[in-house]
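Peer 1: Any chance you could fold what I've pasted below:
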Amino acid sequence: MSMKKIVLMIAVLTVFSSCGKDTLSVTPKELEFNADGGAEQFVAVKTNAAAWITTNIAGWISIKETDDGFYVSASSYTGTRSSFIIVSAGNADPETIIVMQQPAKPVGGDDDEPEPVPDEKILTVAPSQLEFQNGAESKPFTITANLTWEIASDSDWCTPSTEAGEGSATVNVAVTANSGAGNRTAQLTVANAQNAIVRNIAVTQAGKSTSIVIKPSTVDLGPFMTEGVVLEEINGEEFQMFEIEITLSPEVEDVEILISNTNWIFMEYGRKLNETTDLAYILISENLLGARSGTVTVRQNDGKGAAVATLTVFQRSGAICNTYKTNYKNALKSWEAAYKKYQDLLGNYNSWKPETGKARPAWSAVTAALTTANMWKAQVERFWNMGVEYGCNTSEW
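Peer 2: Below is the predicted model of the structure:
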């Protein structure tokens, strides 16, 4: 039977089954467990139907039913995973409870920070690092404080706009042009001597002679595919391929290229865009394991400077795709079984004849089977879309 006919039949049956519809509600609709499983959690079920049932496809989830609901528990797991429980009752629309499990938040995280003590002596600076190009320029940093402070620089080429103050303030840091070939560093010290509080700001200024720039400098990719990134087939294997631009200052005569993970990151030279910029292609193989990251570093190699630039590649976990794939296949199998049951019941209902002496199948059983089939069809589409959005190789599902 074609999908078009199936959709039409579902629409017709939905109209016939709208009268005398049962009600069903569950509370809560989301459950979250920590790594060790923790205590079991109760889900209340309210319905006017004669009975209700639960459907659970995850082996790590356990259900213990009672008269007015059911208890849910999860086995221990150190990673992150999710699944769902379906509750059905009569011809009511089924309810879905999302079940998630993830590691507990480490002690000392943001939620555990103590409230500030009212009379606490406060002196902080942000950012703690300032980076400048080789020319003369200035950049600000902020001081958050409830006391007095003094600022000192250990280098005469790096000077703050003020040397003392009280309370919170914004201070500009000015640097003179760096005529040298290499980078230079300085340190600003913001201190309150009375309370022995010292905060440091590291200042770095690039040398005049050389620079290397990679654009983009970071890339976030899916395990197999990413929106906007081309899939390139090489020797029967598909790679995600994207372009990068490498710009060298005129003083750079030679560079070396270092790739941190040559088993899944590859680089091919493209062409020269102009006198200072080259185009290159980065190829990334499919990730079947956990999340990973790697780098492509271009470093000056002519002895006349220390210019360097790095491209960082992040690739999401392919192992999660296995979970999506398993959930998709389980839902597909359940949908096929539920739809066959619906077809069988519908066929028996339509072919029934009084002379057989047997009772005609209940129409409510036919509509209930259709509802279950539609529920599983929705789950099939849900897991498929999750795989596509995450960047999984759904063509192999």
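
Peer 1: what ranges of the stretch 101-250 of the chain fall below the confidence cut-off?
Peer 2: For the stretch 101-250 of the chain, applying pLDDT under 70 flags the ranges 104-119, 209.

Peer 1: what's residue 369 in contact with, if anything?
Peer 2: Residue 369 is in contact with 338, 341, 342, 345, 346, counting by Cβ atoms under 8 Å, 6 or more residues apart in numbering. C-betas here are computed from N, CA, C, even on glycine.

Peer 1: most neighbours, which of the residues you listed?
Peer 2: Within the contacts of residue 369, most neighbours by other Cβ atoms under 10 Å means residue 342, with 24 neighbours.

Peer 1: Please report how far that one lies from residue 370.
Peer 2: Distance from residue 342 to residue 370, counting by Cβ to Cβ, to the nearest Å: 5 Å.

Peer 1: The nearest residue to residue 168 once chain neighbours are set aside: how many residues sit nearby?
Peer 2: Excluding its sequence neighbours, the residue lying closest to residue 168 (Cβ to Cβ, 6 or more residues apart in numbering) is residue 144, at 5.0 Å. For residue 144, the count of nearby residues is 12 (other Cβ under 10 Å).

Peer 1: If you count contacts, what does the host helix or strand of residue 144 end up packed against?
Peer 2: For residue 144, the host element (DSSP states H and E) is strand 137-145. With contacts defined as 3 or more Cβ pairs under 8 Å, 6 or more residues apart in numbering; DSSP states H and E, strand 137-145 has these neighbours: strand 123-126, strand 129-132, strand 169-175.

Peer 1: Just the C-alphas of that strand, formatted as PDB.
Peer 2: Provided in PDB are the C-alpha atoms of strand 137-145 (Å, rounded to 0.1, in the frame of the first residue of the first chain):
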ATOM      1  CA  GLU A 137      47.400  51.400  20.200                       C
ATOM      2  CA  SER A 138      45.400  51.200  23.400                       C
ATOM      3  CA  LYS A 139      42.900  48.700  24.900                       C
ATOM      4  CA  PRO A 140      40.800  48.900  28.000                       C
ATOM      5  CA  PHE A 141      40.500  46.600  31.000                       C
ATOM      6  CA  THR A 142      38.000  46.800  33.900                       C
ATOM      7  CA  ILE A 143      38.600  46.900  37.700                       C
ATOM      8  CA  THR A 144      35.900  45.700  40.000                       C
ATOM      9  CA  ALA A 145      36.600  46.800  43.500                       C
END
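
Peer 1: Next secondary structure element downstream of it?
Peer 2: Next element after strand 137-145 (DSSP H and E): strand 148-153.

Peer 1: I would like the residues contacting that next one, please.
Peer 2: 123, 143, 159-160, 162-166, 171, 186-194.

Peer 1: 6 Å instead?
Peer 2: 159, 160, 163, 164, 166, 188, 189, 190, 191, 192 (Cβ atoms under 6 Å, 6 or more residues apart in numbering).

Peer 1: Switch those residues over to JSON lines, and while doing so, append neighbour count and secondary structure to every line.
Peer 2: Output for the contacts of strand 148-153, formatted as JSON lines (neighbours: other Cβ atoms under 10 Å; DSSP: H, G, I helix; E, B strand; the rest coil):
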{"residue": "159", "neighbour count": "17", "secondary structure": "strand"}
{"residue": "160", "neighbour count": "18", "secondary structure": "strand"}
{"residue": "163", "neighbour count": "12", "secondary structure": "coil"}
{"residue": "164", "neighbour count": "10", "secondary structure": "strand"}
{"residue": "166", "neighbour count": "12", "secondary structure": "strand"}
{"residue": "188", "neighbour count": "23", "secondary structure": "strand"}
{"residue": "189", "neighbour count": "15", "secondary structure": "strand"}
{"residue": "190", "neighbour count": "22", "secondary structure": "strand"}
{"residue": "191", "neighbour count": "17", "secondary structure": "strand"}
{"residue": "192", "neighbour count": "18", "secondary structure": "strand"}
